[in-house]
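A.B. asks: sequence first, predicted coordinates after that:
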Amino acid sequence: MPGALIDRPKMTKTMYQALKRHIMKERERKKQEQEQDAMMMERIKKEEEMRKKKEQEDSLTLEQTKEQIAQLDKKMEDLKAEKHDLFSQLKKVLHQEDETRKKAQLKEQSELQIMQHSTVLGLPHAMTGRPILYRPPQPQMVQQVSLKRGRSPSPPPTQPYQYNNKMMAASLPVEKPHPYTHTSQPDYI
């Protein structure tokens, strides 16, 4: 029966209305699902764009941070070099000052020796051939009076009391001097 046709029974009006409502609900449901899918896709797109934008900003920020670090490293190296140069200059200046101070001290000492030598020989200062830069104080012959008091004489040594009664002397305890303690008698008697 290749060409057989099946007749459908005729629908009643209520069945027709129910089928129409069912189809309309299905269409509405499909439409809402499509709208939700579209909204979901749009939201996913926006999130993807935001994520890409954020990554781009982060990468820019990372690049900027790397650039700043490189600049700061260069600045630090420059400052270290400047510090090294300044420290070297300071060492040179201190060394030069030390040398000039030593030379001045040696010169002063030699002039002082020459002046002392010339005063010992009785030559006037002008005959030494050097200008007088420093005149040492002239020694004054003043007797120094001793303000210390002289030592007072030591008192005569006292004899310990001796007992006449041997029995009484034996009852008293005998004190033996400790070998490491100082005796009360002076050594210079």
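C.D. replies: Perfect, I can see it now.

A.B. asks: count the residues that sit near Met115.
C.D. replies: Counted with other Cβ atoms under 10 Å, the neighbours of Met115 add up to 19. (C-beta placed from N, C-alpha, C; glycine too.)

A.B. asks: gap between it and Gln109?
C.D. replies: 11 Å (Cβ to Cβ, to the nearest Å).

A.B. asks: now the strands: where do they sit in the protein?
C.D. replies: Taking DSSP state E, the chain contains no strands at all.

A.B. asks: all helices of it, in order?
C.D. replies: 13-121, 166-171 (DSSP state H).

A.B. asks: worst mean pLDDT among these?
C.D. replies: Ranked by mean pLDDT, the helices of the chain bottom out at helix 166-171, with a mean of 55.

A.B. asks: list the buried residues in stretch 53-65.
C.D. replies: Buried residues in stretch 53-65, counted by 16 or more other Cβ atoms under 10 Å: none are found.

A.B. asks: please name the nearest non-neighbouring residue to Leu19.
C.D. replies: Met11 (7.2 Å; Cβ to Cβ, 6 or more residues apart in numbering).

A.B. asks: correct me if wrong: that neighbour contacts Gln17.
C.D. replies: No: Met11 lies out of contact with Gln17 (Cβ atoms under 8 Å); the separation is 9.6 Å.
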